[in-house]
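Student: Curious how this folds, go ahead:
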Amino acid sequence: MDEIVRVIAKDAPVKASAITGRAMVERARQIHKTFPVATAALGRSLMAGAMLGDQLKGEGASVTLRFNGDGPLGSITVVSDNEGNPRGYVQNPAVILTSRADGHLDVGGAVGKNGTLTVIKDLDMREPYVGTVPLSSGEIAEDVTAYFAVSEQVPTACALGVLVDTDQSVLRAGGYLIQLLPGASDEVIDRVEQGVQALGEVTKALREDGMDAEGLLRRALSGFDLETLERHEIEYKCYCSRERVAQALVSMGRGEMESLIAEQGGAELTCQFCDAVYGFDKAELEELLRRATR
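Tutor: Predicted coordinates:
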């Protein structure tokens, strides 16, 4: 069961979220046929997007994360709804890289260290909030930490991990987002840093210690009196539909639709997030064109 847990410290200005996401990362791997380093990069991005989305208020709100680095993976795009259900894709899923010296997958090398992270928060208002920061390392979690520090001025500790099994399936996936609220003292910062060090690697805690999302937070913030605000299940969730694809076709404009009908006599569109294929024959395209014209 994938889930997000949100807590707040009752004795300090600290809030935090944690996530377990093995099933949704495995779902993404199966959809996009990612190789291990792409699985890890996309999986970390999905979990980051899910925790950011879960912070949003308001029905219909969403957040988009775009990692554009100079590594062989190309860009990574993730969108999450306000309940923490993400979807996403990586531009080049079949990248193969040798592991780092410590045996871990080289996500930073695959994403690239030169580039940007753009976060778009659509709060269903007139204009979305857009923040862009340079990539810190390409390791995803460090880049999310840098985004919060630069764009939102919120001191943040973020860790994300995806453990890929020998058969390339996802064995464990999880992470946390710990944030200091205004008024946090140096003593509080030191206690958070000590707790994060005591927890260690997320995937190790999930696999060897059998922790769940709340367990990650209880260990990382063991020096605080925590109150659990919310705990709920999440999943990889795409909102594509035949109706939405039809609207996209109509938005091409009359000229392009007429050319499509004349030259191809039909259309077949694939959703980038879930690989669902939607086919439209000539008669259906002509009907869409008539409706759009009316």
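Student: would you say Met24 is within a helix?
Tutor: Yes: Met24: assigned to a helix according to DSSP: H, G, I helix; E, B strand; the rest coil.
Student: quick one: it and Tyr236 touch, right?
Tutor: Yes: at 3.9 Å, Met24 and Tyr236 qualify as touching, with contact defined as Cβ atoms under 8 Å. (Glycine included, C-beta is placed from N, CA and C.)
Student: what do these two both touch?
Tutor: Contact criterion Cβ atoms under 8 Å, 6 or more residues apart in numbering; residues shared by Met24 and Tyr236: 46, 86.
Student: Among those two, which residue is more densely surrounded?
Tutor: Looking at Met24 and Tyr236 with other Cβ atoms under 10 Å, you find the greater number of neighbours at Met24, namely 26 against 22.
Student: Show the contacting residues for that one.
Tutor: Contacts for Met24 were tallied using Cβ under 8 Å, 6+ apart; they are 2, 46, 50, 86, 173, 234-236.
Student: distance of the residue nearest the centre of the chain from Leu73?
Tutor: Central residue of the chain (Cα atoms, centre = their mean): Leu46, 2.4 Å from the mean position. Shown here: Leu46 relative to Leu73, a distance of 14 Å by Cβ to Cβ, to the nearest Å.
Student: go on, Leu117?
Tutor: Leu117 is 14 Å from Leu73, where distance means Cβ to Cβ.
Student: One more: Ala40?
Tutor: As for Ala40, its distance to Leu73 is 10 Å (criterion: Cβ to Cβ).
Student: How about Val25?
Tutor: Spatial separation of Val25 from Leu73 under the definition Cβ to Cβ is 15 Å.
Student: Of these two, which one has the most company?
Tutor: Neighbour count, other Cβ under 10 Å: between Val25 and Leu73, Val25 has more, with 31 against 27.
Student: elements contacting the longest strand along the chain?
Tutor: Of all the elements of type strand in the chain, the one with the most residues (DSSP state E) is strand 170-180. Applying 3 or more Cβ pairs under 8 Å, 6 or more residues apart in numbering; DSSP states H and E, one finds that strand 170-180 makes contact with strand 14-20, helix 22-32, helix 36-54, helix 141-151, strand 156-164, helix 186-199, helix 202-207, helix 213-220.
Student: how about these, which one is nearest Ala248?
Tutor: When the helices and strands packed on strand 170-180 are ranked by distance to Ala248, counting by Cβ to Cβ, first place goes to helix 22-32 at 19.6 Å.
Student: what's Cys274 sitting at in phi/psi?
Tutor: The phi/psi pair for Cys274 (degrees, to the nearest 10) reads phi -130, psi 0.
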